[in-house]
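Asker: Give me coordinates for this.
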Amino acid sequence: MTSEQFKTFWNSTYPDTIPFPPYFKQDFQDKWFRIHSLPESKRYAENDLEWDILLSRQNKIISDLIGNSTILFIVTGEFDFNGTFNSPDFLDHELFTDFKFTSLEPIDMHKINPDEYDKETLYRPFIAKLNWINSKYDRLLQSIANDEIRAFFICIDKKYLIAPYDGGMDIILENPVLKDIFKIKYEDWLSSNPKGL
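Answerer: The predicted model follows:
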């Protein structure tokens, strides 16, 4: 997928937000829900049993949402403060080296949220294609769960956004009805917080 193809897809499908997961909850409230990766909303796995639970949950819900052997796109990125971003060194991480990333159009974060970001603060996203196979990307999911790297997935065919983080996974589905179906199906993995956090 080229940068222009991505821009066309994103602007036609998600015109009211940017490809940056911290904004997904507020911008997709009617289609968003969150699962927690561990029982009792524990944030980080500390032993093999907890890693088994975390990976089992994340693989299960992703495969349930999109199926196995399905094309996804992975999006990651990095901040550029004051034009100091010279090369995407973070893409040299061993878990990213198998992907062929394409640079996307930089996002002016000050324009999006001037109260939080200084002028000349850009977010530079990158996208790559992958074939989702259950358990194939466990090391990637583990690294995200440990907050070592950050990335989210897009299923273009179904218009799903799947954003794992250190503690769980934010999921944005195509419509509120579908969201409610999956929330009921995975109600044991939801937060007890009334806001779903």
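Asker: what's next to the helix ranked longest in the chain, contact-wise?
Answerer: Ranked by residue count, the top helix of the chain under DSSP state H comes out as helix 48-66. If you take CB atoms under 8 Å, 6 or more residues apart in numbering as the criterion, helix 48-66 is touched by 35, 37-39, 42, 45, 72, 132, 134-135, 138, 141-142, 145, 153, 155, 158, 160, 162, 164, 169, 171, 173, 182, 185-186, 189. No exception for glycine: its C-beta is placed from N, CA and C like everyone else's.
Asker: for the protein, what are the low-confidence residue spans?
Answerer: Along the chain, the parts satisfying pLDDT under 70 run over 83-88, 193-197.
Asker: What segments of the chain are strands?
Answerer: 32-36, 70-81, 102-103, 107-108, 121-132, 152-155, 160-165, 168-172 (DSSP state E).
Asker: how about those strands in TSV, adding distance to Thr8 and mean neighbour count?
Answerer: Formatted as TSV, the strands of the chain follow (distance: least, CB to CB, whole Å; neighbours: other CB atoms under 10 Å):
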stretch	distance to Thr8	mean neighbour count
strand 32-36	23	21
strand 70-81	14	18
strand 102-103	14	14
strand 107-108	16	17
strand 121-132	13	18
strand 152-155	14	22
strand 160-165	17	22
strand 168-172	19	23
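Asker: how about these, which one is nearest Leu95?
Answerer: Among those, the nearest to Leu95 by CB to CB is strand 70-81 (10.0 Å).
Asker: bridging residues for the residue lying closest to Trp189 once chain neighbours are set aside?
Answerer: Once flanking residues are discounted, Trp189 sits nearest to Ile35: 4.2 Å by CB to CB, 6 or more residues apart in numbering. Per DSSP bridges, the residues bridged to Ile35 are Met169.
Asker: Dump the longest helix of the chain to PDB, keeping only the CA atoms.
Answerer: Provided in PDB are the C-alpha atoms of helix 48-66 (Å, rounded to 0.1, in the frame of the first residue of the first chain):
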ATOM      1  CA  ASP A  48       4.900 -18.100  31.900                       C
ATOM      2  CA  LEU A  49       1.400 -18.800  32.900                       C
ATOM      3  CA  GLU A  50       0.400 -15.200  32.700                       C
ATOM      4  CA  TRP A  51       2.100 -14.900  29.300                       C
ATOM      5  CA  ASP A  52       0.100 -17.900  28.100                       C
ATOM      6  CA  ILE A  53      -3.100 -16.200  29.200                       C
ATOM      7  CA  LEU A  54      -2.200 -12.900  27.600                       C
ATOM      8  CA  LEU A  55      -1.200 -14.300  24.300                       C
ATOM      9  CA  SER A  56      -4.100 -16.700  24.200                       C
ATOM     10  CA  ARG A  57      -6.600 -13.900  24.800                       C
ATOM     11  CA  GLN A  58      -5.000 -11.600  22.200                       C
ATOM     12  CA  ASN A  59      -4.600 -14.300  19.500                       C
ATOM     13  CA  LYS A  60      -8.100 -15.600  20.100                       C
ATOM     14  CA  ILE A  61      -9.900 -12.300  19.700                       C
ATOM     15  CA  ILE A  62      -7.900 -11.100  16.700                       C
ATOM     16  CA  SER A  63      -8.500 -14.500  14.900                       C
ATOM     17  CA  ASP A  64     -12.100 -14.400  15.900                       C
ATOM     18  CA  LEU A  65     -12.500 -10.900  14.500                       C
ATOM     19  CA  ILE A  66     -10.700 -11.300  11.200                       C
END
